[in-house]
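>>> Sequence below, structure please.
(2 chains)
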Amino acid sequence: MLNDKLILKEIRKGNSSVFESVFHEQYDSLVKFANHFLLDYKAAEDVVQGTFIYLWENSSSIQIKSSVKAYLYQSVKNSSLNQLRALKIKDKYELQYLEAILETADDKWIDDEELIESIKKALLKLPKQMYLIFCKKYFEEQSIKEIANEMSLSENTIKVQLHKGRNSIRQILEMATSFIFLF
Amino acid sequence: MKKDIDYSIIWKYFNTSLSTSEEKELSDWLDADIKHLQHFEKLKEKQKQIPHTDSNISNSDIAWQNIRLTPKHPKRHFWKIGVAASILLIVGVYSGYKLHIEKANKIISAENIQIEPGVKKATLVLNSGQKLELESKKDTLIKEAEVTIENSNSELNYKKNENEKTPKRAKEIQYNTLIVPRGGEYDLVLSDGTEVKINSESILRYPVVFEKGKRNVELIGEAFFHVKTDSLRPFVVTSAEHQVKVYGTSFNVKSYKNDDYIATTLVSGKVTVSSDKKDAAEQLLKPGYQSIYKRESAEFEQKQVDIKEFTAWKDGRFYFRNMPLEEITQILARWYDVDFKFKNKTVKNLTFNGNLKRYDNIQLILNQLGKTNEITFYAYDQIIYVD
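The predicted structure follows:
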């Protein structure tokens, strides 16, 4: 696995095989991520493809702090929100962003400090009440029963699902949020 | 200008509760545009899914082909149909219009604006809340307790089940809703044999089987009704507080939410129109006449009209008679699912005559309108500008 600085450098040089490998690695999760905003797979794919094309064509002038991955997510988020503006929806508290990330994130994320940092920041922006419910929904086991009842599914099904979703990134965030709880 | 809604209100709707003012904000937003409602319905669907069970799998190999072909001049989905990249490169520079364009957005001159007309498509919402996407060449048959619903050749047909006797005890009425999006139209035959053609961006809600003594349906948008005669059961079309009551006849109702009027045009037979906001007796309408109900003042007006102008759409035509350009663009916007903006406000009121084909590409329509040389069209970022 190439490190981020190197990836960026290669893309800027026009190394299309590095670009292609980033594309294949990130495409699926980015589409899922965009689809969380747009609820339209076709539109989500368009946004993600557009983002990659833009990156390829403007790599030399784009400001990327450290991680290409963080840049991709940030920019897919922005394009998606732009499209939602046509539906007159805004996302003041970055709630959609948080939901989208927690539903697409996987273990590949852990080493990306920039992304983790941006999620933590977004979590802290939530008003108190919303924050509590949000954490309950995403980080606490106790809701399994409630979710199961609501959706008339067996608790086991949900447990399996939640377990799959309980990857390390959630654990990191859970730790971060319980830390916030103390204050 | 309607306000934007913050996603947190939608989120609260699903996860906690809303204050009265938030509820109002949400319902205003939903009422503002049928697209908002459609998006909200999708959000609702999503709530039922469990995170991480996304069944759609995108394929990065296919996607890669898409962008790899021409890495320097990427292919984009313009107008939903593939406009050849070479056409995109013919960029018209308009006098006085400063070009400041990102790579993705190019100004497209009138002769290159290609938009396919609307097609037969709709969403059927069953009484249970279950939703079915209706498209051409996708025939379906649904068996319900009282009716069989047949969807074939882009026509939705309700047939009362033979063995089902009208029950003695009053049953809860089962409703279905047909949602026709922008860029769509759909044909429907109700359980009493009444035929309805529903135009773009319209919603019709109706009982799957009509109860005794009345046949009531609700409409937002535009539809043409050919009502099966039944002198015992009047047929009533309700749009907000406005009602059209008939026993058997053909007529057109246009009741789009953003219009400040509701127009009922009678082709044959006899109808009465009335409003809940007005105590006065029902107004009788004669064939060849149109009733205009002004939403704000709750007043009715009647005038003799050329009915072709208001019903041509059902026969696949656009028929404009001294119609202001603004009104024409609204009709085109719904059918071609595209937005228009007036760069030059004064041309809004120019009037046009024409008899054009509704199933033509928009380019032919714009050509005709542009012939007068008083207006030009160009497209930028999925919006057609009128200058």
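
>>> What helices and strands are in contact with the helix or strand harbouring residue B:176?
Assessed by DSSP states H and E, residue B:176 sits inside strand B:175-180. For strand B:175-180, the packing partners by 3 or more C-beta pairs under 8 Å, 6 or more residues apart in numbering or on different chains; DSSP states H and E come out as strand B:119-125, strand B:184-189, strand B:202-207. The way it works is simple: take the backbone N, C-alpha and C, and place the C-beta from them, glycine included.

>>> The longest one and chain A in contact?
No. Against chain A, strand B:119-125 shows no contacts by C-beta under 8 Å from any C-beta of the partner chain, the least distance being 14.1 Å.

>>> In that strand, which residues are buried?
Across strand B:119-125, burial judged by 16 or more other C-beta atoms under 10 Å in any protein chain shown covers B:120-125.

>>> for the closest residue in space to residue B:293 that isn't next to it in sequence, what are its contacts?
With sequence-adjacent residues excluded and distances taken as C-beta to C-beta, 6 or more residues apart in numbering or on different chains, residue B:293 is closest to residue B:262, at 4.4 Å. Taking C-beta atoms under 8 Å, 6 or more residues apart in numbering or on different chains, we find residue B:262 in contact with B:239-240, B:242, B:253-255, B:292-293, B:295.

>>> Please apply the same query to residue B:246.
Contacts of residue B:246 by C-beta under 8 Å, 6+ apart are B:225, B:227, B:234-237, B:269-272.

>>> Which ones among these also lie next to chain A?
Of these, not one also sits near chain A (C-beta under 8 Å from any C-beta).

>>> which of the residues you listed lies closest to chain A?
Among the contacts of residue B:246, residue B:237 lies closest to chain A (C-beta to the nearest C-beta), at 29.0 Å.

>>> Which secondary structure state is assigned to the closest one?
strand (DSSP: H, G, I helix; E, B strand; the rest coil).

>>> hang on, isn't it packed against residue B:252?
No. Using C-beta atoms under 8 Å as the test, residue B:237 is too far from residue B:252 to be in contact (10.4 Å).

>>> anything in contact with each of these two?
B:223, B:225.

>>> dump the residue contacts of the residue nearest the centre of chain A.
In chain A, the centroid-proximal residue (C-alpha atoms, centre = their mean) is residue A:101; its distance is 2.6 Å. Counting by C-beta under 8 Å, 6+ apart, residue A:101 makes contact with A:33, A:73, A:115, A:119.

>>> Can you classify it by secondary structure?
The three-state assignment at residue A:101 reads helix, by three-state DSSP.

>>> What's the biggest strand in chain B, counting residues?
Taking DSSP state E as the criterion, chain B has its longest strand at strand B:215-226.

>>> elements contacting that one?
Using 3+ C-beta pairs under 8 Å, 6+ apart, strand B:215-226 sits against strand B:195-198, strand B:202-207, strand B:235-239, strand B:250-255.

>>> Tell me the gap between it and the middle of its chain.
The chain centroid and the centroid of strand B:215-226 are separated by 12 Å, computed with C-alpha atoms, centre = their mean, to the nearest Å.

>>> residues making contact with that strand?
B:34, B:180, B:190, B:192, B:194-207, B:210, B:230, B:233-239, B:246, B:249-257, B:311, B:313-314.

>>> and the residue lying closest to residue B:61 once chain neighbours are set aside, which of the three is it?
Nearest non-adjacent residue to residue B:61, counting by C-beta to C-beta, 6+ apart: residue A:24, 7.6 Å away. What three-state DSSP gives for residue A:24 is helix.

>>> I figured residue A:24 hits residue B:62, correct?
No. In this structure, residue A:24 is not within contact of residue B:62 by C-beta under 8 Å, at 11.4 Å.

>>> More neighbours: which of the two?
When neighbours are counted by other C-beta atoms under 10 Å in any protein chain shown, residue A:24 and residue B:62 differ, and residue A:24 comes out ahead with 12 against 9.

>>> From residue B:160, how far out is that one?
Remark: distance between residue A:24 and residue B:160 (C-beta to C-beta, to the nearest Å) = 55 Å.

>>> just residue B:111 next, same as before
Residue B:111 is 52 Å from residue B:160, by C-beta to C-beta.

>>> so where do the helices sit in chain A?
Using DSSP state H, the helices of chain A run over A:4-13, A:16-38, A:41-58, A:68-85, A:95-104, A:113-125, A:128-139, A:143-151, A:155-165, A:168-181.

>>> Reformat these as a markdown table; add mean pLDDT.
What follows is the helices of chain A, written out as a markdown table (pLDDT from 0 to 100):
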| stretch | mean pLDDT |
| --- | --- |
| helix A:4-13 | 82 |
| helix A:16-38 | 89 |
| helix A:41-58 | 89 |
| helix A:68-85 | 92 |
| helix A:95-104 | 85 |
| helix A:113-125 | 81 |
| helix A:128-139 | 74 |
| helix A:143-151 | 55 |
| helix A:155-165 | 50 |
| helix A:168-181 | 57 |
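
>>> What mean pLDDT does the helix or strand containing residue B:369 get?
Assessed by DSSP H and E, residue B:369 sits inside helix B:362-370. Across helix B:362-370, pLDDT averages out at 86.
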